[in-house]
Structures are given as structure tokens and as C-alpha cells.
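>>> Need the 3D shape of this:
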Amino acid sequence: MRRSSILLSLLAGLIFLGFWSGVYSLSLFFPNSKETLNRAGFDAPVTLIKDSYGVSTIEGADRAEVIMAQGLQTARDRFFQMDLIRRKMSGRLSEILGAKAIEIDILHRKLGFFQVAQKGAAMMDSSTKNIWESYTQGVNSYLQNEMLPWEIKLLGYRPEPWRVEDGLLVVLSMFEALNDPENEEELAYNELKLKFPPSVINFLTWDFGFLDAPLKAPKGFPFSVKVPSRDEIDLRAQSNFSPDAIVKPSEVDVFGSNAWVVAGKKTISGKPLLAGDPHLNLAVPNIWYRVDLRAKDLNVRGVTVPGIPGVVIGRNEYLAWSFTNSRSDVQDFIELEPDFNNATLRFQGKTLSLLSREEVIKVKKGESKKITVLDSPWGPVMEEEINGAPTKKRILQWTALDPLPLSKLNPIELNTSENLEQCWERLSRWGGPVQNILVATKDNHIGWGIVGKIPLRAADSGRFSTHLKTDSPWKGTLAWNDMPRAVDPIEGFIGSGNQNLWIEPLYRERLGHDWPNPARGFQIRELLSQGEAFSVESMEAMQNHIFSPVHMWYRDRLLSAIKRADLREVAKTSWVEAIETNILTWDGKVTVASSAYPFLKEFRLQVQKNCLAPFVRKTVSYRQSDVMNLVAKDSVVKNLLSLQPHHLLSPEFTSWDALILTSAVQAAQNLVGSPIELKDITWGKNNISKIRHPFSSQLPAFLGSLINFPEREMSGDGLVIRVNKPTNGASMRMVIDLSDYKNSKFSQPGGQSGFFLSPNYRDLFEGWYRGQGISFESEDVFGSQRILPIKEGKE
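As a prediction, this is how the structure comes out:
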């Protein structure tokens, strides 16, 4: 009976959805049923000109009116996406999704993003607040006058009015995406500190010497690392050890980006080129929303995140810019003592009372859940519950939780910058996530800098958690004049693939110690340094580059080991022969047809595991996964395989070559059942796009296909310039030609509209998949709408 009721409810809902969607789709195909629209809140006329891709050019005499119209049009296309973001960040998903969202809500209530956004909105100066309020008015004009998204109709709720703080919650969602709220890296460092001397920790977390690509480095770089002595650690002394008990490193999707700028002296046109492709989760609809804003003091085009006014990445009349994640360390834990009583703290001889607030999480079709949240002067108190271990309580310091920088975030300041100097001055007030920004100007300058707030610390650059009894919390943030920047380098280019660009001892202490694999940055630098006469077409080709120097390095190590080995000593010679045949002629490209790449990808992880498992084994079991992910660096593996310290070799192996060959056989057996099958695996079968709408998991497959994007075998991966993974990758690609914007290109995995029957729902997907961009600028007019103040007529 219950199953029948569920099916009937689903069928009724789908019939309703289909009818309602059909009605709504008519308004999308005929967007100009009212060429002139009268709306309250507008004080001057605004014109929206839509091209065939659904991108609106919004024109008006006054900046505030144009921003208001941006809010209106964005809500028309993406309001459900905006509502989900603000609900997630404020801990209110359970109200519409039910009990399955409770844990997400609890985390976000404890982090206190809603309170941060409220305070940030209250602290804004008048000019900044005017921008956010104008956008907010536009969103609410949509909510008050137009049809709501189909998802909201299906879920059966009435959305609340949009507020300025909701826009700031969208900004905070980018902090969350680009940082790690759980700060697992620091917890892994803590575990290393408990188990190893400093020399071993330094060796295990060494970041240099493997495909480095800095913009600035001191004399003597790359540095060599000191190998810990046998007296400090001797892995050969371990007994009864099997690495099988230790997990392999996990290739976690890291939110990074590629971006580079090329000076005019290296381009065909004589003017700079800028390329950018941010790497984020891929979902339906896409995270980016395209817009063109024009007023007497505003002419900017690019992409924003729905909910944020202005343009986040793009170009204006004078310059173009893009961002990459700087991976700077902006989070720290303060460990609380076991006798912490949830009410007070002792700090510098004083007793401090904590703020406590009760939060009630409403649950759709369920009982509300009450939680207590504790706040300290430095951040919220977070708990970690681990089976078989005492609950750990820590204070989380995070720049995202400071409302003051957030209150100063005015995107229009960057949007209206006229030169590099003005751009830098305005970016000194940047209140968004810490980022690399790359800028190119029409007057032939290129520049790079780190923007955002970086904490000043009293101890060890945040690698290890601090304690109030012995350490001091943050001492403010790094002054703008002390932030690293570079303008017009002699090489004529700057490239960022999230690598450490500014390798100076002082900045290592300031920015952090742990950096992602520099492979993409290395490839970008190699291609730009070797080339001349760059064009938009060659920039697009670079964005689709799929050569992997990382896996080629591992291939060469394996072939050398095979050449040296006496195959009679290897238990499964047929496996080694099949492996050699599989990789011998590989050209280093991550194509869909490659059988070598999926093997080498697995081989790399297996080598990392076998090299580092004896170290990881010494750490507490519930932290071993985090520790493995921290120390599984190619720079560390390179040092081990090159220097071959026998006392750091796992006791399971007789030599480093034996480790390499065993890792190869293990990798192959992880993938296939027999040696002959190795040639039949392909990367494409293992890398299929799965870009899906959040509702699709609740629908039958044939209905899910209506709202999901097509599944495609994809070339590329996380360590090549063309970052393509099933649910993570290049969320958009753009190339800006500063000599003529009409030459510029754009692509993204999806369209402008969030409505699945719209012609602009998935119209850009195939071009993005093929690596082919459309014009960054609008080239046609599909329709237009003029919005007039209500006083000029009746609605």
C-alpha cells in the first residue's frame, strides 16, 4: 500500500511538473510577451538585450538600476540555485529536503555563516551597500511578480525575500568550496608531530624538487632536503608489517584553476592575452552566470556566481582578469583542554566567557532538532567524534568567519578599474577568498598578485594546532603592502596552476607549507616559455593540453626498473611483460583511448602507498587517511626513489626496484584479472562526465536524463592542463584578446538557464566537451525587454 502511494504521488507530481513546465517553457521561448515592463523599485529605464545563448546585455543610465536589473534577470534564470546556496550556508536545507540534510545543516549552524553574513551586511559602507541592495531589489522584483522555478513548485514551499546577507552567503559558499572547513591537513600535521622528530616531518612534507614552477625563488632553488638518519628513524626495524592495512592516497578533487597572461611582446597582435579556467564541482546548472553590464560609469562583461552583483571574472573597457585558488593557509585550530567546561576559557591569566546560542533546525515531515553552538572570541567551537577515542573540541580560526573584510567586498570596484595601479589599490579591500589574480591591460601590462586576508601567526605558520596556554591566536592579517605581487616580468608571461608561485622563506612562513602538485603550473610555464606569437587559437589549444609530465616520470622510473631487474626473481613475469608492452610507446597524452594512462595513474598511487605506508602506520588509525593524503607527494617519492635510503625502505621489499616492480604488478591487478586484459582498458571508460541536477537521484533514469547533461568519455584529468573529471573540472574556459574583444572565446559545461526545457539549458555543453569556445561577446539579438519605473505606467 505504501509503495503504491509513493508511486501515485510521484506520478501526480510528474504530471503536474510536465504541465507546469510546458506553460513555463512558452514564456521562455517567447521572452518578449511584454517588450516593455513596468516595475516598482526602478527609478530609471533599463534595457535587457538577450542573445541566442540567453546572455543579457543590461543597459541603463544609472549603475544602481543596471545592477537591479541584473538581480532580476539572474533570478529569472537561476533562483532555485541561489536559494539552495543560501539555505545550505545558513543551515536550512532540512526545511525543504527533510532529514537527509540534517548533518549538513548542523555543520553550517556551528560554523555560523549566517551570523557572519548578517554582521557583514550591517557593517557595509553606503556605497558598497547600495550595490548589494540594488541587486537584492531586483531579485525580490522577480519573486514578487514572476513564476517560481519548477523545483520550488515541486518541493512545495514559498521562498523568503532575498536579503543582502543572502548575497554574502553566496560569497561565503566560495570560501567553503576553496578551503577545507574540516582543516584535515592541520590535523594530519598534528599527528606527525606526535609521532616523528622535526627532521622526519620536514622530509615527509617536502614540496620542492618535482616540476617546480615559481615566479620568484631565492638563490639556490630548488633546495635539497636532508634525509633523516638511521638513528632518527629506521623503517627496516619494523616487524609484521603489511602495507595492505594502509589505504592508498585518495585523489581528492581540489578546487583550483588555471590562468595565465601573456605580454604583447609574445603575441601576434602586440597586445596581451589572458586565459582562465576555474576548476570547481560540475553540476546542473553550472556555477557561473554570464552577464554584460553597461551604464555611464560601467562597462563590464564576464561571469558571476548567481547571487553576487557585478562580474567576478571577465573584462571591462581597459583590462581583463581571472582568478586561481592560491591555496594559502587561512585556517587554524586552537586545541581545547580535556577539562574544557563549555562555558569559560583561560587565556593570558583571564577567564573568558563563551557565547552560547540555541539553534533549532526545522525538518520537513520530521521533528525539529535543537543544537547548542558555542562561540569564542576567535571562532566557533567544533567537535570531532571518533569511534573509540575521546571527543575532541577545538576552536576554528578562519578568515571566512571575519565579517569586516566581507563587509568591504564591492565587486564593482574591480569591474570599473582603469589600469593596473587602480586595480591593485581596489583589490586591497578584497573581502572574498584568498586568490591569485592575473590581470592584463589594454595599455600593455600584465600582473599577478595574491588578494584576500592572510592571517599573521605567532607560531609555525599554522602547520600545527595551537594551545591557549602556550600560544597566541592570530595577530591580525598581513598588510596589503606585504602581499606578493609581480608586474611585467621579463619573461613576458605569468602562469598559475595553483602551484607555489612565490618561494621565499619569509612568505613560506606567511602563506603556508603545503601546496598542491605543481604539474599544471609547470606545463603552463613550459609551453609559454617555449612559444612565441601567441594567439587566441594557441591559448585555446593550451587549455586543451593533455600531456602529463607526472605520469611520464613514473613511466620512466618503471621502465628503468624493468630494464635492471632480473625477471626470474619476479613472481609474475607475465604481468611485468604485459605492463612493459602497455606503457613502452605511450606518448604522455591522457586520451580517451589510452590504455597506458589508467595503469600509470593507478601505479603512481600504489608507489606512493608502498613508499609511505611504513611512516603512516606509526600514526593513529583514525587519522591515517589524512596523513597519507598529506605526505603522498611526488616530491617525497622522487627523493626516496632517487636517493634510495635503505633505512627508509619498507621492510616488505628487498630493494627500491623491488618496490617499483611490485607496485606495478599490484596496480595492474587492481585494474584487471589477467595480464592479457591490460591492453583493453581505456581511460575514457574510467573518465565519464556525470554532470547532474540535484534532483536527478530522486527520479527514474529515463526522467533523470531530461535534467542531466549527457555522459561523455573525456580526455584529460587532474594533473594536466585540461582538467576533466566526472564531477569536477573546468567550470568554464575563457580567452580574452586585449587587442580586440571580439576575438575572445568562452565555453562552459551547460547553458545560461536553469530550466530544463529552455534552449539555453545545455546548449554550451557539447562545445565545452570538445574544447571549442564560442565568442565571448554577444553577436546577435534574440530579444529585448525595456523595464520602466512604475510611475511611468501601469504594470
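>>> from here on, contacts and neighbour counts on C-alpha atoms
OK.
>>> Quick one: low-confidence residue ranges for the protein.
1-34, 252-255, 388-390, 459-461, 508, 566-572, 791-795 (pLDDT under 70).
>>> could you redo the last one with a cut-off of 50?
Applying pLDDT under 50 to the chain flags residues 1-12, 15, 22, 25-26, 28-33, 792-793, 795.
>>> list the buried ones in the one helix or strand residue 542 maps to?
Per DSSP states H and E, residue 542 falls inside helix 536-543. Buried residues in helix 536-543, counting neighbours by 16 or more other C-alpha atoms under 10 Å, are found at 536, 539, 540, 542, 543.
>>> C-terminal to that helix, what's the next element?
That would be, after helix 536-543 and using DSSP H and E, helix 549-564.
>>> Could you point out the helix or strand that follows that next one?
helix 573-583.
>>> Which neighbouring elements make contact with the next helix or strand after that following helix?
Counting by DSSP H and E, the element after helix 573-583 in chain order, helix or strand, is helix 596-616. Helix 596-616 sits against helix 549-564, helix 624-631, helix 634-643, helix 656-671, helix 683-686, with contacts defined as 3 or more C-alpha pairs under 8 Å, 6 or more residues apart in numbering; DSSP states H and E.
>>> These into TSV, with extra columns for mean neighbour count?
Below are these laid out as TSV (neighbours: other C-alpha atoms under 10 Å):
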stretch	mean neighbour count
helix 549-564	17
helix 624-631	23
helix 634-643	19
helix 656-671	20
helix 683-686	18
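>>> So which residues of the stretch 401-550 of the chain form strands?
435-441, 446-451, 466-467, 485-487, 493-496 (DSSP state E, counting those that start in this stretch).
>>> Buried ones in stretch 675-685, by neighbour count?
Under 16+ other C-alpha under 10 Å, the buried positions of stretch 675-685 are 675, 678, 679, 681, 682, 683, 684.
>>> cool, and stretch 499-516?
Neighbour counts over stretch 499-516 (16+ other C-alpha under 10 Å) mark 499-504, 509-516 as buried.
>>> hang on, residue 83 is in a helix, isn't it?
Yes. The assignment for residue 83, made by DSSP: H, G, I helix; E, B strand; the rest coil, places it in a helix.
>>> ok, now how distant is it from residue 656?
According to C-alpha to C-alpha, to the nearest Å, residue 83 stands 54 Å off from residue 656.
>>> partners of whichever strand or helix holds residue 746, with directions?
Following DSSP H and E, one finds residue 746 within strand 745-747. Applying DSSP bridges to the sheet, strand 745-747 is found paired with strand 733-737 (antiparallel), strand 774-775 (antiparallel).
>>> if we look at the last one, which residues are touching it?
Counting by C-alpha atoms under 8 Å, 6 or more residues apart in numbering, strand 774-775 makes contact with 742, 743, 744, 745, 746, 747, 767, all of which sit outside it.
>>> what's the burial count for the second one?
Read that as residue 743. For residue 743, the count of nearby residues is 17 (other C-alpha atoms under 10 Å).
>>> now swap in the fourth one and tell me
Counted with other C-alpha under 10 Å, the burial measure for residue 745 works out to 22 neighbours.
>>> what's it in contact with, if anything?
536, 733, 734, 735, 736, 773, 774, 775, 776, 777.
>>> before we move on, the earlier item: what's the closest of the buried residues of helix 536-543 to residue 89?
residue 543 (32.4 Å; C-alpha to C-alpha).
>>> pretty sure that closest one is touching residue 722, no?
Yes. With contact defined as C-alpha atoms under 8 Å, residue 543 reaches residue 722; the gap is 5.7 Å.
>>> ok, now how distant is residue 722 from residue 623?
32 Å.
>>> Ok, residue 269 next?
On the measure of C-alpha to C-alpha, residue 269 and residue 623 end up 54 Å apart.
>>> So which elements touch the helix holding residue 542?
strand 273-281, strand 733-737.
>>> so which of the ones you listed comes closest to residue 221?
strand 273-281 (28.1 Å).
>>> ok now that closest one, how far from the chain's centre?
Chain-centre distance of strand 273-281: 11 Å, with C-alpha atoms, centre = their mean, to the nearest Å.
>>> if we can go back for a sec, from the contacts of residue 745, list just the buried residues.
536, 733, 734, 735, 736, 773, 774, 776, 777.
>>> Output those residues as CSV; include the columns distance to residue 423.
Output for those, formatted as CSV (distance: C-alpha to C-alpha, whole Å):
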residue, distance to residue 423
536, 24
733, 23
734, 20
735, 20
736, 18
773, 28
774, 28
776, 22
777, 23
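>>> Which of these lies at the shortest distance from residue 244?
The closest of those, once distances to residue 244 are taken by C-alpha to C-alpha, is residue 733, at 40.8 Å.
>>> Relative to residue 175, how far out is residue 682?
36 Å.
>>> meant to ask about residue 737, not that
Residue 737 sits 30 Å away from residue 175 when distances are taken as C-alpha to C-alpha.
>>> Tell me, how many residues neighbour residue 520?
31.
>>> One more: residue 703?
12.
>>> contacting residues around the closest residue to it other than its chain neighbours?
Closest residue to residue 703 apart from its sequence neighbours, by C-alpha to C-alpha, 6 or more residues apart in numbering: residue 696 at 7.7 Å. If you count contacts by C-alpha under 8 Å, 6+ apart, residue 696 has them with 703, 704, 705, 707, 708.
>>> Find the pair from those with maximum spatial separation.
703 and 708 (9.0 Å).
>>> I'd say residue 304 and residue 292 touch.
No. Judged on C-alpha under 8 Å, residue 304 makes no contact with residue 292 at a distance of 10.4 Å.
>>> Could you check which of these two is surrounded by more residues?
Between residue 304 and residue 292, counting by other C-alpha under 10 Å, residue 292 is the more crowded of the two (27 against 20).
>>> distance of the more buried one from residue 325?
25 Å.
>>> How about residue 675?
Residue 675 is 41 Å from residue 325, by C-alpha to C-alpha.
>>> phi, psi of residue 76?
Main-chain torsions, residue 76, degrees, to the nearest 10: phi -60, psi -40.
>>> any idea which element the nearest residue to it once chain neighbours are set aside lies in?
Leaving out its chain neighbours, the residue that sits closest to residue 76 by C-alpha to C-alpha, 6+ apart is residue 142, at 6.7 Å. Using DSSP H and E, the element containing residue 142 is helix 126-145.
>>> Who are the packing partners of that helix?
Helix 126-145 packs on helix 63-90, helix 164-178, going by 3+ C-alpha pairs under 8 Å, 6+ apart.
>>> Name all residues that make contact with residue 167.
Contacts of residue 167 (C-alpha under 8 Å, 6+ apart): 86, 132, 136, 307, 308.
>>> my guess is the second one contacts residue 164, does it?
Yes. Under the criterion of C-alpha under 8 Å, residue 132 lies in contact with residue 164, with a separation of 5.8 Å.
>>> So between the two, which is more surrounded?
Legend: neighbour count by other C-alpha under 10 Å for residue 132 and residue 164, higher for residue 132 (29 against 23).
>>> Against residue 138, how distant is that one?
Taken as C-alpha to C-alpha, the span from residue 132 to residue 138 is 10 Å.
>>> Next: residue 196.
57 Å.
>>> Kindly report the same for residue 334.
From residue 334 to residue 138 the distance is 42 Å (C-alpha to C-alpha).
>>> higher neighbour count, the two?
residue 138 (26 against 21).
>>> Contact partners for that one?
Each residue near residue 138 by C-alpha under 8 Å, 6+ apart is listed here: 67, 68, 69, 70, 71, 72, 73.
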